[in-house]
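Peer 1: what's the 3D shape of this:
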Amino acid sequence: MNMTKPHRLLLALLALVVGVSLGACSSLSGVDGGGSQGAASEELKGTTLRIVAATELKALDSVVAQAAKDLGMTIEMAYPGGTLDNTERLGEGGFDGYYEATWFATNRYAELQGLGERFASTSSVATSPVLLGVRPTTAAELGWDKTQPTWAEIAQAASSGALKFGMTDPGTSNSGFSALASVATSFADTGSALSTQDIARVAPQVREFFSGQTVTSGSSGWLTTAFRSETGKANAILSNEASLIDLKNQGEDIDLIAPSDGVIFADYPLSALSTADQPLAKEKAQALAGWLEQHPQELADAGLRPTTAGDSARNPDFAPGLLLEIPFPASQDVVSALIDSYNNDLRSPGAMAFMLDTSGSMAGDRIASLKATLHSLADGSAQVNGTSVGFRDREDITFVPFSTAVHDQRSLVFDAANAATVGEVGSAIEALDPSGDTAIYEALAAAYDHLGASASNIRSIVLMSDGELTAGRSFDDFRAYYEALPNQVKTIPTFVILYGEANAEEMTALAELTGGKVFDAQRGDLASAFKEIRGYQ
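Peer 2: Down below sits the predicted model:
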């Protein structure tokens, strides 16, 4: 399903037009719209600019520090999550009153959701395409060290097992969504933005592509960490070029591959928030944008392609060959439909083990809360901004109830449309009856033994407990067991949902040991917690 020559020419023209538009936007907003060519006015000196940024922009920390010094301002960068997650928080007002600007990978999601009025000014200072970073030996074996592959050729390598890659969750991170949209749009081969009708038509080919996904994560920054630590699980990584160059700078040996039929670009708009309570938010953001425009080589050195410098500022690690730009989906309906299709149809199904504490200390409100959480995951009512974070179709779900010992495990392949399957899940949840002691690590070892034999590429454990260990092996015993596991099994993270105060420190140590995280069921929003967990599933 390669793109026809006219379609490629159209995409090349689109890329040129978008590049010119971005440069114009940057020039008008960052300088003429109130900026000062990178030099802060006296009224800005001594002030603080707080920015919510895409995680991959951590590579710009030293550049931003120099800008702050030159401008006489303090600039604070925060990286709370992926661009889609951050856009949701923007819409909920989560950044109001403290942050003065955003620096997401793109504002396209915000604009599709009608949030454009949240921005008082916008300056796109750099771009970064979504590319494939491949181990050199794999690239040579596939012939990609000499020619640019098409997305179809990449899909063929994935389905054959020759290519195993990591990618961020399209529901939380722009690089993951852009990769997904690039693949689907290429296979649709219409020369225009993807439509909802296209998604179903190209599903078989896109599913073939995602059969090679073996690593997932919630954001670009976390993905690069996972790729480095899970050596052997993947020989490639799909991410934005800036993150891949940062990965190379950390010592990872990868070749940057640009699919010949096009990719989607991030455009990194630095945007002042109209909701900022602090004075001069717009002026401070534009002063920083103006400084960045005057320092294109610093952006290029960090792996970003400056929008105003043409080819004068370059990085030797930029991907070689022709770069075509694929159009971004034009409606929120297409974005939502594509993410939903990925979760329930296109991606390789995951395997999850739920460790369910049914000891006596869980009686009362705790077991009731645990059951309510599981029911919301099963019936789809666990949602964040209208997006389900519950069980996904084709997902292998295992319930492992435990108290003094592990009780009967129950495994099933979830199917939301199958009443019998949903009923079986409901019965298993209602059968949970608290009594006895708490042998957390006996149960956890059983879960690792079970998932270690799973054929799924993406596996995880969710421990739902009050954390009060009263029986069985200790944490030190479990750590010794865990360290002896095969490397492929040790990559399975354990996420802890705590229903009590006991041993919170030890549960945190457990999560850190396995690459997971702890969430407090008594104080937090569990739907949001599962959305974050979903980034690793």
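Peer 1: quick one, what contacts the nearest residue to P306 once chain neighbours are set aside?
Peer 2: Distance criterion Cβ to Cβ, 6 or more residues apart in numbering; nearest residue to P306, sequence neighbours excluded, is P296 at 3.6 Å. In short, each C-beta sits where N, CA and C put it, glycine included. P296 makes contact with 306, 308-309, 312-313, according to Cβ atoms under 8 Å, 6 or more residues apart in numbering.
Peer 1: which parts of the stretch 301-450 of the chain are strands?
Peer 2: 305-306, 351-357, 383-384, 387-388, 396-402, 410-413 (DSSP state E, counting those that start in this stretch).
Peer 1: which among those is found nearest to T137?
Peer 2: Ranking these by their distance to T137 (criterion: Cβ to Cβ) puts strand 305-306 first, at 27.7 Å.
Peer 1: what's the neighbour count on A511?
Peer 2: 18 (other Cβ atoms under 10 Å).
Peer 1: contacts for the strand or helix carrying it next, please.
Peer 2: Using DSSP states H and E, A511 sits in helix 504-514. The contact list for helix 504-514 (Cβ under 8 Å, 6+ apart) reads 444, 461, 463, 465, 467, 469, 475, 478-479, 482, 490, 492-496, 498, 516-518.
Peer 1: repeat that for stretch 241-255.
Peer 2: Stretch 241-255 has contacts (Cβ under 8 Å, 6+ apart) with 56-57, 59, 128-131, 133-136, 139, 144-145, 175, 220-221, 223-224, 227-228, 236-237, 239, 256, 302-305, 315, 317-319.
Peer 1: cross these against helices and list the overlap.
Peer 2: 136, 139, 175, 220-221, 223-224, 227-228 (DSSP state H).
Peer 1: can you select the buried ones among those for me in PyMOL?
Peer 2: Here is the PyMOL selection string for the buried members of those, based on 16 or more other Cβ atoms under 10 Å:
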select buried, resi 139+175+220+221+223+224+227
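Peer 1: between the ones in helices among the contacts of stretch 241-255, which sits nearest K45?
Peer 2: Using Cβ to Cβ, these come closest to K45 at G221, 31.3 Å.
Peer 1: can you check the pLDDT for the closest one?
Peer 2: According to the prediction, G221 has pLDDT 67.
Peer 1: just A24 next, same as before
Peer 2: Taking A24 on its own, its pLDDT is 31.
Peer 1: what does Q488 give?
Peer 2: 80.
Peer 1: and the one helix or strand it maps to, what's buried?
Peer 2: Taking DSSP H and E as the criterion, Q488 maps to helix 487-490. By 16+ other Cβ under 10 Å, the buried positions in helix 487-490 come out as 489-490.
Peer 1: so which of the strands of the stretch 301-450 of the chain is the most packed in?
Peer 2: strand 351-357 (a mean of 25; mean count of other Cβ atoms under 10 Å).
Peer 1: between the contacts of P296, which is nearest I397?
Peer 2: P306 (47.3 Å).
Peer 1: residues contacting the closest one?
Peer 2: Contacts of P306 (Cβ under 8 Å, 6+ apart): 125-126, 293, 296, 299-300, 313.
Peer 1: let's see that with 7 Å instead.
Peer 2: By Cβ atoms under 7 Å, 6 or more residues apart in numbering, P306 lies in contact with 125-126, 296, 299-300, 313.
Peer 1: take the residues you listed and keep only those in helices.
Peer 2: 296, 299-300.
Peer 1: which of these sits closest to A529?
Peer 2: L299 (35.6 Å).
Peer 1: so what's the residue count around the closest one?
Peer 2: 26.
Peer 1: contacting residues for it?
Peer 2: With Cβ under 7 Å, 6+ apart, L299 has these contacts: 125-126, 292, 306, 313.
Peer 1: the nearest residue to D396 once chain neighbours are set aside and D345, how far apart?
Peer 2: Excluding the flanking residues, the one nearest D396 by Cβ to Cβ, 6+ apart is A351, at 4.1 Å. Distance of A351 to D345, given as Cβ to Cβ, to the nearest Å: 17 Å.
Peer 1: please apply the same query to F475.
Peer 2: 40 Å.
Peer 1: over to Q488?
Peer 2: Distance from Q488 to D345, by Cβ to Cβ: 26 Å.
Peer 1: R108 too?
Peer 2: 24 Å.
Peer 1: tell me which of these two has more neighbours.
Peer 2: The residue with more neighbours, out of R108 and D345 and counting by other Cβ under 10 Å, is R108; that gives 22 against 17.
Peer 1: now the more buried one: closest residue in space that isn't a chain neighbour?
Peer 2: Nearest one to R108, counting by Cβ to Cβ, 6+ apart, is F328 at 5.4 Å.
Peer 1: Q332 - how many residues pack around it?
Peer 2: Count around Q332 with other Cβ under 10 Å applied: 13.
Peer 1: ah, wrong one, I meant W222
Peer 2: W222: 21 neighbours (other Cβ under 10 Å).
Peer 1: where does the stretch 151-300 of the chain dip in pLDDT?
Peer 2: Applying pLDDT under 70 to the stretch 151-300 of the chain flags the ranges 219, 221, 230-231.
Peer 1: any idea of the angle the longest strand anywhere in the chain forms with helix 220-229?
Peer 2: In the chain, taking DSSP state E as the definition, the longest strand is strand 126-134. Angle, strand 126-134 to helix 220-229, by axes from the mean of the first three to the mean of the last three Cα atoms, to 10 degrees: 20 degrees.
Peer 1: tell me which residues are up against strand 126-134.
Peer 2: With Cβ under 7 Å, 6+ apart as the criterion, strand 126-134 contacts 22, 144, 154, 175, 178-179, 182, 235-242, 244, 247, 254-258, 263-268, 299, 304-307, 319, 323.
Peer 1: quick check: which ranges of the stretch 401-537 of the chain have low pLDDT?
Peer 2: 457, 502, 524-528, 531, 535-537.
Peer 1: ok so, going back, list the buried residues for the helix holding A511?
Peer 2: 507-508, 510-511, 513-514.
Peer 1: just the CA atoms of it, as CSV, please.
Peer 2: This file holds the C-alpha atoms of helix 504-514, laid out as CSV (Å, rounded to 0.1, in the frame of the first residue of the first chain):
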residue,chain,number,x,y,z
ALA,A,504,3.2,2.5,52.3
GLU,A,505,7.0,2.8,52.3
GLU,A,506,7.5,-0.9,51.5
MET,A,507,4.9,-0.8,48.8
THR,A,508,6.7,2.2,47.2
ALA,A,509,9.9,0.1,47.3
LEU,A,510,8.1,-2.8,45.7
ALA,A,511,6.8,-0.5,42.9
GLU,A,512,10.3,1.0,42.3
LEU,A,513,11.9,-2.5,42.2
THR,A,514,9.5,-3.6,39.5
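Peer 1: mind giving me the packing neighbours of the next helix or strand after it?
Peer 2: The element immediately downstream of helix 504-514 (helix or strand, assigned by DSSP H and E) is strand 518-520. Under the contact definition 3 or more Cβ pairs under 7 Å, 6 or more residues apart in numbering; DSSP states H and E, strand 518-520 sits against strand 494-498, helix 504-514.
Peer 1: need the per-residue pLDDT for G30.
Peer 2: In this model, G30 carries a pLDDT of 34.
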